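A.B. asks: Sequence first, then the predicted structure, then my questions.
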Amino acid sequence: MSFAEQLSRLQAFLDADDLHEEALDYVAAHGYLTALTICPDQVPEREWIDALFAEPPHYRSDAEREEIEASLLALKGHIARQLASDEDPEMPCDLDLGETPDDSDLRGWCIGFMEGVFLREEAWFENAEDEVSELLLPIMVGSGLFDEQPEFADIAKDRNLVDEMVEQIPELLTALFLLCNAPEEKPALLKPRHH
């Protein structure tokens, strides 16, 4: 089965109505896997798969379960390769919250991403709290999860600002990936030269 076929079967499975109401749909799962790929702490496979579904799905067979879990791993690997390349990662949705943000795929993606962050929240902010917070801001705004907080409510009122912020998400992902996964030792090229 090609990767594209694998993904379309995964998408059909995740977007079906018979999963637990808190399970992530395909777009949210993509955000979630992106966060897990960036996270400085490796979350064990079983833990993140179980969290993604909220409760075990009713698979038709063991073969289907293996296929779905293998597809999730393949998608995670694909995202990791994109993040490690020089290209901005592809998003599975438009970078636009539209007229009704709560119904937009981008909001779902951002919520999924934040779910991934929440699995290991401390690890994200351990080493570079200010930079990580700054880079996560557009995703946090896009998720709508923080709109109760005054500073987020102010941002949410400014549609142009929100639009500008969410459009930056792909490049921010690359920056976050490098920040969280770059070796502590910077390559020699970046070291200041002593004259």
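C.D. replies: That came in fine, so what should we check first?

A.B. asks: buried ones in stretch 168-188?
C.D. replies: Buried residues in stretch 168-188, counted by 16 or more other C-beta atoms under 10 Å: 168-169, 172-174, 176-177, 179-180. Placement of C-beta: from N, CA and C, glycine included.

A.B. asks: List the residues that contact residue 74.
C.D. replies: By C-beta atoms under 8 Å, 6 or more residues apart in numbering, the residues touching residue 74 are 3, 6.

A.B. asks: so where's the protein shaky on pLDDT?
C.D. replies: For the chain, the stretches flagged by pLDDT under 70 are 183-195.

A.B. asks: Select the longest helix from it.
C.D. replies: In the chain, assigned by DSSP state H, the helix with the most residues is helix 62-84.

A.B. asks: Please point out which parts of that one sit buried.
C.D. replies: In helix 62-84, counting by 16+ other C-beta under 10 Å, buried: 67-69, 71-72, 75-76, 78-80, 82-83.

A.B. asks: likewise stretch 110-123?
C.D. replies: Under the neighbour-count criterion of 16+ other C-beta under 10 Å, stretch 110-123 has 110-117, 119-120 buried.

A.B. asks: ok, so of those residues, who is nearest residue 164?
C.D. replies: Lowest distance from residue 164 to the buried residues of stretch 110-123 (C-beta to C-beta) belongs to residue 110, with 15.0 Å.

A.B. asks: Spatially, what comes nearest to residue 29 if we skip its sequence neighbours?
C.D. replies: residue 14 (5.5 Å; C-beta to C-beta, 6 or more residues apart in numbering).

A.B. asks: Look up how far residue 36 lies from that neighbour.
C.D. replies: Note on residue 14: its distance to residue 36, by C-beta to C-beta, to the nearest Å, is 15 Å.

A.B. asks: For the spatially most central residue of the chain, what is the enclosing helix or strand?
C.D. replies: The residue lying closest to the centre of the chain (C-alpha atoms, centre = their mean) is residue 31, at 2.7 Å. Taking DSSP states H and E as the definition, residue 31 sits inside helix 26-38.

A.B. asks: And the contacts of that helix?
C.D. replies: 10-11, 14-15, 24, 43, 48, 52, 72, 75-76, 79-80, 83, 89, 91-93, 105, 108-117, 119, 173, 176-177, 180-181.
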